[in-house]
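Undergrad: Have a look at this fold, sequence not included:
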């Protein structure tokens, strides 16, 4: 055991890169320092530049998929961008890892200040922080699988009860489906995984009900939770609990990409002003990052 | 003996495999009386997270919308009637 620890600590050249929760948490701190990041806001613009620079420096090709929506309150158009971070573009057998990177405009479940400041450190920041830390390992991923990170805008550009969710992933899925139908899509996604709210200090990730119920996503769930069991990552709880309407739904229903949702929905700070760094941890980010990375390395 | 007319083709809400999720007919894209081609987008169905296009089942005329916009709908429910084009 001592020898293994020393090798890992020294970062031996023949070892594949490990996922560091500490580094991922640093990314989360940098994102949180930008303040609120709802779609179309100055905070979102700053975050986008940070993310694009990070992944380009790490060696990825980054595509900006622009679209716009009309704000139902003001009638004004709001510019949006999904970011597609492409690793090993020559590999045609591809996997999608996704996360939304916008934050909710208001903390509308906050019992005291529902129109206050919503930082969205866990809900909006955590999936991005995991993907940022995964960059190095995915860049060096051997084997036939190519990976795209897709950062979705407007997962929750929701200011009124009837506003629709997941606008970015709906747009992405429509474009993808249309390109597949037209024969212009250069590759197909074998499957996808969405990471959302994965930094909770008290992390417990139950299996999401849609992901368990769909026959083409159930194997992804089984594989991910199987990897977690093998690694001894106790934060992945191997039983279903919540049904969540997240970005995996349009990816599967519209894009026909079998996609499961990895989400901890037991988060008391959800959509409140208390979704802040102090309720998140590096250990939680590391748990998720290790499982996803090991799962990717096991794909054939 | 009278010839029985065949039932008019209907647009049926599909089973999307998302039980426990409310479905809403969010938008009619084609008004009543308009000619459509099979596969044309007729309406939008909103799940919690996805907006799904519903397509015309036949080429012909959309005779009647059976539900209003913003109505709750369920899989298997008929939401529009069509008169097929004469062959």
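TA: Looks like it arrived, so ask away. All of these numbers come straight from a predicted model, not from anything done at the bench.
Undergrad: Looking from chain A, tell me which residue of chain B is nearest.
TA: Of all residues in chain B, residue B:48 sits closest to chain A, at 3.0 Å by Cβ to the nearest Cβ. Just so you know, the C-beta spots here come from the backbone N, C-alpha and C atoms, and that holds for glycine as well.
Undergrad: Quick one: classify that residue as helix, strand or coil.
TA: Taking DSSP: H, G, I helix; E, B strand; the rest coil as the rule, one finds residue B:48 in the coil state.
Undergrad: cool, and residue A:62?
TA: For residue A:62, the secondary structure call by three-state DSSP comes out as strand.
Undergrad: Hmm, residue A:86 and it touching each other?
TA: Yes: at 7.4 Å, residue A:62 counts as touching residue A:86 under the criterion of Cβ atoms under 8 Å.
Undergrad: Find the residue closest to residue A:89 in space, skipping its chain neighbours.
TA: Distances taken as Cβ to Cβ, 6 or more residues apart in numbering or on different chains put residue A:61 closest to residue A:89, at 6.0 Å, once the chain neighbours are dropped.
Undergrad: what's the pLDDT at the residue of chain B closest to chain A?
TA: Listed pLDDT for residue B:48 reads 84.
Undergrad: so what's the residue nearest to residue A:89 up against?
TA: Counting by Cβ atoms under 8 Å, 6 or more residues apart in numbering or on different chains, residue A:61 touches A:85, A:86, A:89.
Undergrad: Repeat the analysis, applying 10 Å as the threshold.
TA: A:55, A:84, A:85, A:86, A:87, A:88, A:89, A:148 (Cβ atoms under 10 Å, 6 or more residues apart in numbering or on different chains).
Undergrad: same thing with residue B:40?
TA: Applying Cβ under 10 Å, 6+ apart, the residues contacting residue B:40 are B:29, B:30, B:34, B:53, B:55, B:56, B:59, B:62.
Undergrad: same check, this time on residue A:68
TA: Taking Cβ under 10 Å, 6+ apart, we find residue A:68 in contact with A:39, A:40, A:76, A:77, A:78, A:79, A:80, A:81, A:154, A:167, A:171.
Undergrad: Contact residues of chain B facing chain A?
TA: By Cβ under 10 Å from any Cβ of the partner chain, the part of chain B that sits against chain A consists of B:14, B:16-22, B:24, B:26, B:44-53, B:70.
Undergrad: Any idea what residue B:28 is bridged to?
TA: Counting by DSSP bridges, residue B:28 forms beta bridges with residue B:43.
Undergrad: check which helix or strand covers the residue positioned nearest the centre of chain B.
TA: Nearest to the geometric centre of chain B sits residue B:11, at 3.0 Å (Cα atoms, centre = their mean). Using DSSP states H and E, residue B:11 sits within strand B:10-12.
Undergrad: With residue A:294 instead?
TA: Element membership of residue A:294 [criterion: DSSP H and E] is helix A:282-298.
Undergrad: picking up where we left off before, just the buried members of the residues of chain B next to chain A?
TA: Among those, those classed as buried by 16 or more other Cβ atoms under 10 Å in any protein chain shown are B:16, B:18, B:21, B:24, B:26, B:44-52.
Undergrad: Mind putting those residues into a markdown table with distance to residue A:274?
TA: Shown next, in a markdown table, are those (distance: Cβ to Cβ, whole Å):
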| residue | distance to residue A:274 |
| --- | --- |
| B:16 | 35 |
| B:18 | 31 |
| B:21 | 28 |
| B:24 | 31 |
| B:26 | 33 |
| B:44 | 36 |
| B:45 | 35 |
| B:46 | 30 |
| B:47 | 29 |
| B:48 | 24 |
| B:49 | 25 |
| B:50 | 30 |
| B:51 | 32 |
| B:52 | 35 |
